[in-house]
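Visitor: model this:
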Amino acid sequence: MKINITTIRLIIKEELDKIFETRNKIWKSKVAQLRQRWDKYQKELPQRTMKDIHVFGYWQVEKEKEAINKLASSFEYDDNMEQEVAIQKAKQTWSAMSEQEKEDFYKENYIDDYDQFEKKMDVQAQSTIDLDKPEFAKGKSYYDPTHEIGDQRTYEHPEHAAELRRVKFGQTKAEIQMERELMKLWQEMADIDFFKSDEVTYTHDVGYKSAANMIGRIGLKTDSYNKTDVWIQAQNTPQKSALSTTAKIGKFPSRSQQMGLSLGFGYYVKGHPIFLSSMDLASQTQKMAGPKVRQYYKSSGLPKRASLSKFGKKPEISRLRRKRMKRKGQTDEEIDAMLENYSDAAILDKKDMLASGGGAMEAIIDNWTIAAWFVEQDQLTSRIVKSFFTQNAAKITKPIYIGNESYTIKEFLRIIK
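Guide: Below you'll find the predicted structure:
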């Protein structure tokens, strides 16, 4: 029996699909086990009570109390005593109203069951200050953050502080170990050969924004770290501190960009991929590392790990949020599919990458170097672009791309002048 080339290709494709499916099942199973350990650890961490915290949120409204206050405000008064009289009068007026009149009053004054406002309350916060951490973080309150912002969603979940500890390099050694296991698992199961091939390009836009950009960092005034120095050095020397990039399937110089946040100026990256995902990984940010952190990780480079809270468990949403999403036209099936996608956005191979639109929202690259620079056409007049390339002209050793055309630094300077 003769087998033609089409049949052979179909057989190979079917076998590869089986391999990919098996690999994905193993990945999901192992990540789910890691996530269970992570959640258990977070729940068992010591907690402390923070008193009288102003928390902004979407709270249930005491509708009758709100209605009485609205009625009272319609009566004129000048001081607290008169205000109390107005409130008593409003209560009497409210009591005399029929149920239908009350419902009409709620509607006319936009008094709903829930509304956004700030209220004072006691909240629980994780406390890791006495736990085993890297030497620079032991016993230091800065490395034991509680909550990022005074927001109901954060305060309802004390374990959210784990994200802040990662950002500030203040994790416990147990947390560090579990995230290292996640990183190692990805590197064992991912198609590294494909990700290191010429089929994939990695770019870092200097306008890349992380959540950490909104948080102050320790050692800001005394830290000699200068990102421009790092860029210049990275043209010829592999960098030990891993870098967040975006990625795209496509031959050089095709490139990806951080959606909606591109500055139109950055560089192409070569190096060793250690994690790819179709969503943000909440990994550490170099900017947040002060002098003591840099000294501690001097030999290995600053760590950059994916957050375990991003994997292994379908996110939960409140009935109220699901209701609002359905009002906007989404079905239960669409909402569940979206949540399922959030439970595992890891990109393990080309098939995963194609399913994610042919790119990766975050790709962490280790031992990286700059292969080339890029500047978008509409950024040629940018002060940032002109300043960087003019001041560092003698140190620029890599080509600069405008679209698909490359230029030497001398040629580029003539263009931007």
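Visitor: which parts of the stretch 151-300 of the chain are strands?
Guide: Secondary structure of the stretch 151-300 of the chain, counting by DSSP state E, counting those that start in this stretch: strands at 200-205, 243-249, 265-277.
Visitor: dump those strands to CSV, plus mean pLDDT, mean neighbour count and distance to Glu316.
Guide: In this view, the C-beta of every residue, glycine as well, is placed from N, C-alpha and C. Below are the strands of the stretch 151-300 of the chain laid out as CSV (pLDDT from 0 to 100; neighbours: other Cβ atoms under 10 Å; distance: least, Cβ to Cβ, whole Å):
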stretch, mean pLDDT, mean neighbour count, distance to Glu316
strand 200-205, 95, 24, 33
strand 243-249, 95, 23, 27
strand 265-277, 96, 23, 20
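Visitor: low pLDDT regions in the stretch 301-417 of the chain?
Guide: 315, 341-343 (pLDDT under 70).
Visitor: just the stretch 1-150 of the chain next, same as before
Guide: For the stretch 1-150 of the chain, the ranges with pLDDT under 70 are 1-23, 77-81, 147-150.
Visitor: quick one: contacts for Ala306?
Guide: Taking Cβ atoms under 8 Å, 6 or more residues apart in numbering as the criterion, Ala306 is in contact with 179, 182-183, 186, 275, 277, 281-283, 364.
Visitor: and what of Ile232?
Guide: Each residue near Ile232 by Cβ under 8 Å, 6+ apart is listed here: 392, 395-396.
Visitor: quick one, which of the residues you listed are buried?
Guide: Ile396 (16 or more other Cβ atoms under 10 Å).
Visitor: list the buried residues of the longest strand along the chain.
Guide: Ordering each strand of the chain by length in residues (DSSP state E) puts strand 359-375 first. The neighbour-count check on strand 359-375 (16+ other Cβ under 10 Å) flags 359-366, 368-375 as buried.
Visitor: what is that strand packed up against?
Guide: Helices and strands touching strand 359-375, by 3 or more Cβ pairs under 8 Å, 6 or more residues apart in numbering; DSSP states H and E, are strand 200-205, helix 227-234, strand 243-249, strand 265-277, strand 400-402.
Visitor: centre of the chain to the longest one, how far?
Guide: Going by Cα atoms, centre = their mean, to the nearest Å, the spacing between the C-alpha centre of strand 265-277 and its chain's C-alpha centre is 17 Å.
Visitor: same check, this time on the second one
Guide: What separates the centre of helix 227-234 from the centre of its chain is 24 Å, taken as Cα atoms, centre = their mean.
Visitor: quick one: mean pLDDT for it?
Guide: What helix 227-234 shows for mean pLDDT is 94.
Visitor: got the angle for that helix vs strand 359-375?
Guide: 90 degrees (axes from the mean of the first three to the mean of the last three Cα atoms, to 10 degrees).
Visitor: before we move on, what about the longest one?
Guide: Relative orientation of strand 265-277 and strand 359-375, computed by the same axes, to 10 degrees: 160 degrees.
Visitor: which of the contacts of Ala306 fall in helices?
Guide: Under the assignment DSSP state H, the contacts of Ala306 contribute 179, 182-183, 186 to helices.
Visitor: okay, the contacts of Ile232 in TSV with secondary structure and distance to Gln124 next?
Guide: Below are the contacts of Ile232 laid out as TSV (DSSP: H, G, I helix; E, B strand; the rest coil; distance: Cβ to Cβ, whole Å):
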residue	secondary structure	distance to Gln124
Asn392	coil	49
Lys395	helix	51
Ile396	coil	52
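Visitor: of the contacts of Ile232, closest to Lys168?
Guide: Distance to Lys168 across the contacts of Ile232 (Cβ to Cβ) is lowest for Asn392, with 30.5 Å.
Visitor: and the strand or helix carrying Ala90, what does it pack against?
Guide: Using DSSP states H and E, Ala90 maps to helix 80-96. Here helix 80-96 touches helix 63-73, going by 3+ Cβ pairs under 8 Å, 6+ apart.
Visitor: the helix it packs on - contacts with which helices or strands?
Guide: Under the contact criterion of 3+ Cβ pairs under 8 Å, 6+ apart, helix 63-73 touches helix 80-96, helix 99-108.
Visitor: domain map for this structure?
Guide: Here the domain assignment for the chain is 62-111, 192-416, based on automatic domain parsing.
Visitor: how far does the first one sit from its chain's centre?
Guide: Distance of domain 62-111 from the chain centroid (Cα atoms, centre = their mean) equals 45 Å.
Visitor: double-check that Lys119 belongs to a helix.
Guide: No. Using DSSP: H, G, I helix; E, B strand; the rest coil, the assignment for Lys119 is strand, not a helix.
Visitor: which parts of the stretch 201-350 of the chain are helices?
Guide: Applying DSSP state H, counting those that start in this stretch to the stretch 201-350 of the chain gives helices spanning 227-234, 291-296, 319-327, 332-343, 350-355.
Visitor: which one of those helices lies nearest to Ala190?
Guide: Across the helices of the stretch 201-350 of the chain, closest to Ala190 is helix 350-355 (Cβ to Cβ), at 9.0 Å.
Visitor: and the closest one, what's buried?
Guide: Quick answer for helix 350-355 (16+ other Cβ under 10 Å): 350-353.
Visitor: Lys314: neighbour count?
Guide: Residues near Lys314, counting by other Cβ atoms under 10 Å, number 13.
Visitor: next, give me the two most distant ones among the buried residues of strand 359-375.
Guide: So, those by Cβ to Cβ: farthest apart are Asp366 and Val375, at 25.9 Å.
Visitor: would a markdown table of the strands of the stretch 151-300 of the chain with distance to Lys119 be doable?
Guide: Formatted as a markdown table, the strands of the stretch 151-300 of the chain follow (distance: least, Cβ to Cβ, whole Å):
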| stretch | distance to Lys119 |
| --- | --- |
| strand 200-205 | 40 |
| strand 243-249 | 37 |
| strand 265-277 | 36 |
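Visitor: can you say which of these is nearest to Arg327?
Guide: The nearest among the strands of the stretch 151-300 of the chain, by Cβ to Cβ, is strand 265-277 at 30.1 Å.
Visitor: who does that closest one touch, helix- and strand-wise?
Guide: By 3+ Cβ pairs under 8 Å, 6+ apart, strand 265-277 packs against helix 173-189, helix 192-195, strand 200-205, strand 243-249, strand 359-375, helix 383-391.
Visitor: show residues contacting the fourth one.
Guide: It stands for strand 243-249. 195, 199-205, 208, 210, 254-258, 269, 271, 273, 276, 281, 283, 285, 304, 350, 353-354, 358-365, 368.
Visitor: over to the first one?
Guide: Applying Cβ under 8 Å, 6+ apart, the set of residues contacting helix 173-189 from outside is 23, 26-27, 30-31, 34, 37-38, 41, 131-134, 162, 165-166, 171, 274-275, 303, 305-308, 311, 346, 348.
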